[in-house]
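Q: I would like to see how this sequence folds:
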Amino acid sequence: MKRYFIGILLSILMILYGYVRIYKDRQALEGVQLEKYEKAEFWKAIIPWLIGLGLFSVFCIYVAWKENNDNLMNVSVAVLIDSVVEIIVARKIMVLYHGKDRCIIEGKQVLYKNIKSCLRRNKLPFSKGIVTLFTGETRKVYPQAVEIINSHMNK
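A: You can find the predicted model right below:
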């Protein structure tokens with residue numbers, strides 16, 4: 001048991017971090033009437049990557065067990081737990097609530113007419129988009145949300 005203390009500790013920290021992310025997201029949306037908005041979910045795009053990561057970590061656990069490598073075992077268990085936690089977190093927070101005249105970005109309602117630009121930073125699969133408001137503020141959105149926001153802005 002002492003041999004795997006670091007892996008267990010890392011796993012617990014990953015679970016707590018995932019819980020905190022979900023909790024903060026729910027707190028930010030607490031005062032908003034979500035039934036007024038259409039919900040676009042983006043979590044399905046990341047699932048194959050997380051499943052691949054989980055399978056790779058299972059392979060690493062097997063190798064660590066065969067080689068009796070405690071360090072590899074600890075890290076592999078933590079990565080496996082993290083991939084499962086990230087699937088749960090993604091299902092809860094990878095969404096965009098949008099309506100005819102506004103959307104919710106980072107827990108705040110933003111009118112489309114207040115958005116100066118909405119662009120993807122680059123072509124990498126999970127790079128976030130940047131929404132720039134006329135006030136100069138910038139906010140991050142998921143890459144699939146960029147298309148939705150731009151379609152509403154062009155109406």
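Q: what residue lies at the spatial centre of the chain?
A: Ala90 (4.8 Å; Cα atoms, centre = their mean).
Q: surely that residue and Trp43 touch.
A: Yes: using Cβ atoms under 8 Å, Ala90 is in contact with Trp43, at 4.0 Å. Bear in mind the C-beta positions are built from the backbone N, C-alpha and C, glycine included.
Q: would you list every one of the helices in the protein?
A: Listed in chain order, the helices of the chain (DSSP state H) span residues 5-28, 47-67, 70-93, 143-153.
Q: now do the same contact list for Glu30.
A: Residues near Glu30 by Cβ atoms under 8 Å, 6 or more residues apart in numbering: none.
Q: and for Gln109?
A: Here Gln109 is in contact with Val32, Arg102, Cys103 (criterion: Cβ under 8 Å, 6+ apart).
Q: redo the residues you listed as TSV? Include pLDDT, distance to Lys128 and neighbour count.
A: Compiled in TSV, the contacts of Gln109 are given as follows (pLDDT from 0 to 100; distance: Cβ to Cβ, whole Å; neighbours: other Cβ atoms under 10 Å):
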residue	pLDDT	distance to Lys128	neighbour count
Val32	82	21	14
Arg102	90	20	19
Cys103	91	15	25
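Q: just the ones of the residues you listed in strands?
A: Arg102, Cys103 (DSSP state E).
Q: make a markdown table from the contacts of Gln109 and add distance to Ile148 to it.
A: Listed next are these as a markdown table, based on distance: Cβ to Cβ, whole Å:
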| residue | distance to Ile148 |
| --- | --- |
| Val32 | 17 |
| Arg102 | 12 |
| Cys103 | 8 |
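Q: identify whichever of the helices of the chain lies nearest to Leu124.
A: Of all those, helix 143-153 sits nearest to Leu124, with 8.6 Å by Cβ to Cβ.
Q: quick check: can you list the domain ranges of the protein?
A: Following automatic domain parsing, the chain resolves into domains at 2-96, 99-153.
Q: span of the longest one from start to end?
A: The separation between the terminal residues of domain 2-96, taken as Cα to Cα, to the nearest Å, is 43 Å.
Q: pull up the distance across stretch 137-145, start to finish.
A: Termini of stretch 137-145 sit 18 Å apart (Cα to Cα).
Q: which parts of it are buried?
A: Arg139, Val141, Tyr142, Pro143, Gln144, Ala145 (16 or more other Cβ atoms under 10 Å).
Q: burial count for the residue lying closest to the second one once chain neighbours are set aside?
A: In other words, Val141. Spatially, and ignoring its direct neighbours in sequence, Val141 is nearest to Gly129 (4.7 Å; Cβ to Cβ, 6 or more residues apart in numbering). For Gly129, the neighbour count with other Cβ atoms under 10 Å is 21.
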